[in-house]
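J.: what's the 3D shape of this:
(one chain, ligands or ions: 1)
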Amino acid sequence: MDAPELVLANARVQTMDPLRPLARSVGLVGGRIAVVSDRAVPAGPRWRGVPQFDCGGRTLLPGFIDPHCHLLAYARSLTTLDVGPSRVRSIAQLQAAVADAAQALPEGAWVKGRGYDEFQLAEGRHPTRLELDAVSPHHPVRLEHRSGHAHLLNSAALARAAALLEQGDPVDGLIDRDPASGEPTGLLFGMHRQLAGIVPAWDADEADRALDCAEHALLSFGVTCVHDTSPGNGLKRLEMFRRRRASVRVAMALGWDAFEEIGEGWQSLCRSDGAVPVLGVKLTIHEVTGRLNPSLPELRERVLRIHSAGAQVLMHAVEPAAIEAACAAVEFAQRRLPRADHRHRIEHASVCPPALAGRVAAAGITVVAQPTFIEASGERYLATVAPCDIGHLVPLATFLRCGVHVAASSDAPVASPDPLIGLRAAVTRLSRQGAPVAPHQAIAPVDALGLFTRQAARAMRAEDERGTLRAGASADLVLLSSNPLDGLQRDLRVDLTLVGGEMVYTRN
Ligand SMILES: [Zn+2]
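T.: Next up is the predicted model:
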């Protein structure tokens with residue numbers, strides 16, 4: 001059934017539409033915006049008698065859009081033991097958290113935690129398996145690093161992974177070993193895939209419950225639409241999301257394996273206008289010991305195949321060598337088969353000097369950046385990023401100056417999906433502890449807001465549907481307690497979120 005008619009009256013409407021940035025009320029019909037008006041209530045007999053919600057002068061914006069996140073992993077992060085920096089600041093605190101969790105579980109059950117960050121621990125190092133053994137000798141423990149790219153296991157967990165360890169380092173991972181004894185320290189880099197066979201997966205009910213929590217959290221942050229860009233996404237996960245009918249709008253990129261497997265069926269998969277559209281194919285470009293994986297010829301081949309299928313390529317590329325490769329691959333595909341408005345993307349582009357940003361712009365590539373990382377990882381960046389690179393870190397000002405289409409995302413659960421944190425970081429360039437990180441890359445609040453709305457919609461090829469408030473667009477809106485363009489006060493809050501004209505979150 002269509003959502004009821006509703007007038008959002010007496011608001012400061014920030015439409016994010018450059019042609020008409022401001023208005024005072026919005027009329028909704030059938031899940032869509034029917035009118036955006038300069039009057040406190042839309043004029044004309046059409047709106048007489050339609051229920052009104054008085055916004056009391058608060059700021060109405062398009063619902064925030066997160067064009068790069070990992071929904072299942074975020075859901076998992078909300079329902080597994082939190083050993084992240086907001087909870088745990090030392091190895092002793094981490095041990096206490098693991099001990100409590102183990103005590104609550106039957107012997108032999110897995111303690112699964114996530115979010116530890118050795119950089120934010122007082123000791124400044126990874127904990128060891130022995131430190132976990134001391135508090136959990138009988139429960140296998142697996143703690144996922146905040147980056148998602150490393151795991152720490154205790155001895156009971158390593159014992160279950162014995163067969164895996166005997167095979168030695170895989171091509172895409174590393175088993176950390178004590179230099180003296182050669183024994184595994186418990187720290188495994190990469191090896192996500194391999195560990196999946198050892199740590200028991202969730203059952204469907206657990207996953208469902210966790211996704212409920214995740215969706216509620218997103219709506220409370222004013223996020224109305226997300227793009228799940230997990231490289232492991234395949235048909236099974238797509239089916240799960242399509243069955244689920246989430247309260248947040250979800251689109252998916254699938255991984256390369258799924259793209260190959262689907263082959264000829266790709267076009268019909270994308271055309272089927274199910275609840276969860278498929279928007280593209282995710283490729284990960286890593287630089288390991290000075291070599292690119294996949295190699296440039298292989299990357300070009302993959303990008304050309306995805307490009308030829310008419311799909312969007314999403315290339316995870318963090319550092320300049322990977323970004324150059326991503327550009328080269330898109331340039332190659334465009335020479336072979338020119339496509340106007342291809343919408344291919346680079347995910348992250350975390351270190352990108354101006355000349356390279358110029359190349360990204362010239363290739364028509366959209367960058368999906370993560371300003372929230374400045375807040376969450378600023379201290380780490382300042383301590384570990386080379387001085388010659390730090391000025392080009394999450395270079396939003398450079399991107400805008402060079403004419404790159406740039407959108408912002410959270411990459412949750414790597415960072416919080418709260419767009420207000422990212423918005424603040426894009427404008428202030430301050431880390432969580434208040435240290436400036438490449439402050440010359442700060443951008444204006446209105447531009448920052450655009451990255452989370454209009455530009456994020458464009459990155460998902462959905463700018464006709466959402467990201468700005470204008471007649472015909474989906475009635476996905478967020479009401480904020482004050483106007484972010486007047487200053488990003490710490491007490492700025494999401495008061496109300498609507499998806500398809502339905503009030504799906506109200507702050508009490
Ligand atoms: Zn990601």
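
J.: ok, residue 193 to residue 173 distance?
T.: 9 Å (Cβ to Cβ, to the nearest Å). For every residue, glycine as well, the C-beta is placed using N, CA and C.

J.: out of those two, which sits in the more crowded spot?
T.: Each of residue 193 and residue 173 had its neighbours counted (other Cβ atoms under 10 Å), and the higher figure belongs to residue 173 (18 against 11).

J.: ok, now how distant is the closest residue to the more buried one other than its chain neighbours from residue 149?
T.: The shortest distance from residue 173 to any non-neighbouring residue, by Cβ to Cβ, 6 or more residues apart in numbering, is to residue 190 (3.1 Å). Residue 190 is 6 Å from residue 149, where distance means Cβ to Cβ.

J.: what do you get for residue 396?
T.: Between residue 396 and residue 149 the distance is 24 Å, computed by Cβ to Cβ.

J.: Neighbour count: the two, which is higher?
T.: Neighbour tally, residue 396 and residue 149, criterion other Cβ under 10 Å: the higher count belongs to residue 396, 26 against 15.

J.: Which pLDDT value belongs to that one?
T.: The score at residue 396 is 98. That number is its pLDDT.

J.: swap in residue 4?
T.: Among the per-residue scores, residue 4 holds a pLDDT of 80.

J.: can you tell me which residues contact it?
T.: When contacts are counted by Cβ atoms under 8 Å, 6 or more residues apart in numbering, residue 4 is found next to 51, 501.

J.: That one: which element?
T.: Taking DSSP states H and E as the definition, residue 4 sits outside all helices and strands.

J.: just residue 381 next, same as before
T.: With DSSP H and E as criterion, residue 381 is part of helix 372-384.

J.: Return the set of buried residues in that helix.
T.: 372, 373, 374, 375, 376, 377, 378, 379, 380, 381, 382 (16 or more other Cβ atoms under 10 Å).

J.: which residues are in contact with it?
T.: Residues beyond helix 372-384 that count as contacts (Cβ under 8 Å, 6+ apart) turn out to be 117, 119-120, 350, 390, 393-394, 408, 410-411, 414-416, 418, 421-422, 424-426, 429-433, 435, 437.

J.: wouldn't residue 187 be in contact with residue 149 here?
T.: No: counting by Cβ atoms under 8 Å, residue 187 sits too far from residue 149 to count as a contact (11.3 Å).

J.: Am I right that residue 187 sits in a strand?
T.: Yes: assignment of residue 187 by DSSP: H, G, I helix; E, B strand; the rest coil places it within a strand.

J.: Other residues contacting stretch 428-440?
T.: With contact meaning Cβ under 8 Å, 6+ apart, stretch 428-440 is reached by 374-379, 381-382, 390-395, 397, 424, 441-442, 488.

J.: Apply 6 Å and report the result again.
T.: Among residues not part of stretch 428-440, those counted as contacts by Cβ atoms under 6 Å, 6 or more residues apart in numbering are 374, 375, 378, 379, 381, 382, 390, 391, 393, 442.

J.: Against residue 56, how distant is residue 360?
T.: According to Cβ to Cβ, residue 360 and residue 56 sit 43 Å apart.

J.: Looking at these two, which is more packed in?
T.: The residue with more neighbours, out of residue 360 and residue 56, is residue 360; 26 against 10, by other Cβ under 10 Å.

J.: List phi and psi for the nearest residue to residue 353 once chain neighbours are set aside.
T.: Distance criterion Cβ to Cβ, 6+ apart; nearest residue to residue 353, sequence neighbours excluded, is residue 392 at 4.6 Å. Note on residue 392: its backbone torsions stand at phi -110, psi 20 [degrees, to the nearest 10].

J.: Select only the buried ones of the contacts of helix 372-384 in PyMOL?
T.: Filtering these down to the buried ones (16+ other Cβ under 10 Å) takes a single PyMOL command:
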select buried, resi 117+120+350+393+394+408+410+411+414+415+416+418+421+422+424+425+426+429+430+431+432+437
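
J.: Which of the contacts of helix 372-384 fall within strands?
T.: Secondary structure defined by DSSP state E assigns residue 408 of the contacts of helix 372-384 to strands.

J.: Test for you: state the pLDDT assigned to residue 274.
T.: If you check residue 274, the pLDDT there is 65.

J.: Go through the buried residues of helix 372-384 and say which is closest to residue 471.
T.: Relative to residue 471, the closest of the buried residues of helix 372-384 is residue 372; by Cβ to Cβ it sits at 32.0 Å.

J.: gap between that closest one and residue 36?
T.: Taking Cβ to Cβ as the criterion, residue 372 is separated from residue 36 by 29 Å.

J.: Repeat that for residue 455.
T.: Separation of residue 455 from residue 36 (Cβ to Cβ): 20 Å.

J.: Please apply the same query to residue 223.
T.: Counting by Cβ to Cβ, the gap from residue 223 to residue 36 is 22 Å.

J.: more neighbours, these two?
T.: For residue 223 against residue 36, the residue with the higher neighbour count under other Cβ under 10 Å is residue 223, and the figures read 30 against 22.

J.: Leaving out the residues flanking it, which one is nearest to the more buried one?
T.: Nearest non-adjacent residue to residue 223, counting by Cβ to Cβ, 6+ apart: residue 64, 4.8 Å away.

J.: What of residue 404?
T.: Residue 404's closest residue in space is residue 361 (Cβ to Cβ, 6+ apart), at 4.6 Å.

J.: rewinding a little: just to check, the residue nearest to residue 353 is in contact with residue 349?
T.: No: between residue 392 and residue 349 there is no contact under Cβ atoms under 6 Å: 9.7 Å.

J.: With neighbour numbers in mind, choose between these two.
T.: Neighbour totals were compared for residue 392 and residue 349, and residue 349 leads with 31 against 20 (other Cβ under 10 Å).

J.: where does that one land on pLDDT?
T.: Predicted confidence (pLDDT) at residue 349: the value is 97.

J.: With residue 463 instead?
T.: Residue-level confidence at residue 463 comes out at 96, pLDDT.

J.: Surely it touches residue 455?
T.: No: counting by Cβ under 6 Å, residue 463 stays clear of residue 455, with 8.7 Å between them.

J.: neighbour-wise, which of those two wins?
T.: In this comparison of residue 463 against residue 455, neighbours counted by other Cβ under 10 Å, the higher total goes to residue 455 at 24 against 15.

J.: Give me the contacts around the helix or strand encompassing the more buried one.
T.: With the criterion set as DSSP H and E, the secondary-structure element containing residue 455 is helix 454-459. When contacts are taken as Cβ under 6 Å, 6+ apart, the neighbours of helix 454-459 outside the stretch itself are 16, 65, 67, 366, 368, 407, 463, 466, 467, 468.

J.: Now, of the residues you listed, which are buried?
T.: Taking 16+ other Cβ under 10 Å as the criterion, what is buried in the contacts of helix 454-459 is 16, 65, 67, 366, 368, 407, 466, 467, 468.

J.: Just give me the closest of these to residue 219.
T.: Set against residue 219, the nearest of the buried ones among the contacts of helix 454-459 by Cβ to Cβ is residue 65 (13.0 Å).

J.: All the helices of the stretch 151-300 of the chain, in order from the start?
T.: Taking DSSP state H, counting those that start in this stretch as the criterion, the stretch 151-300 of the chain carries its helices at 155-160, 162-166, 192-196, 204-220, 235-244, 256-262, 266-271, 296-308.

J.: Name the residues of the fifth one that come out as buried.
T.: In terms of neighbour count (16+ other Cβ under 10 Å), helix 235-244 has its buried residues at 237, 238, 241, 242, 244.

J.: likewise stretch 333-340?
T.: Using 16+ other Cβ under 10 Å as the test for burial, stretch 333-340 gives 333, 334.

J.: any residues touching it, and which ones?
T.: 303, 304, 307, 308.

J.: Select only the buried ones of those residues in PyMOL?
T.: A single PyMOL command is used to select the members of the contacts of stretch 333-340 judged buried by 16+ other Cβ under 10 Å:
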select buried, resi 303+304+307
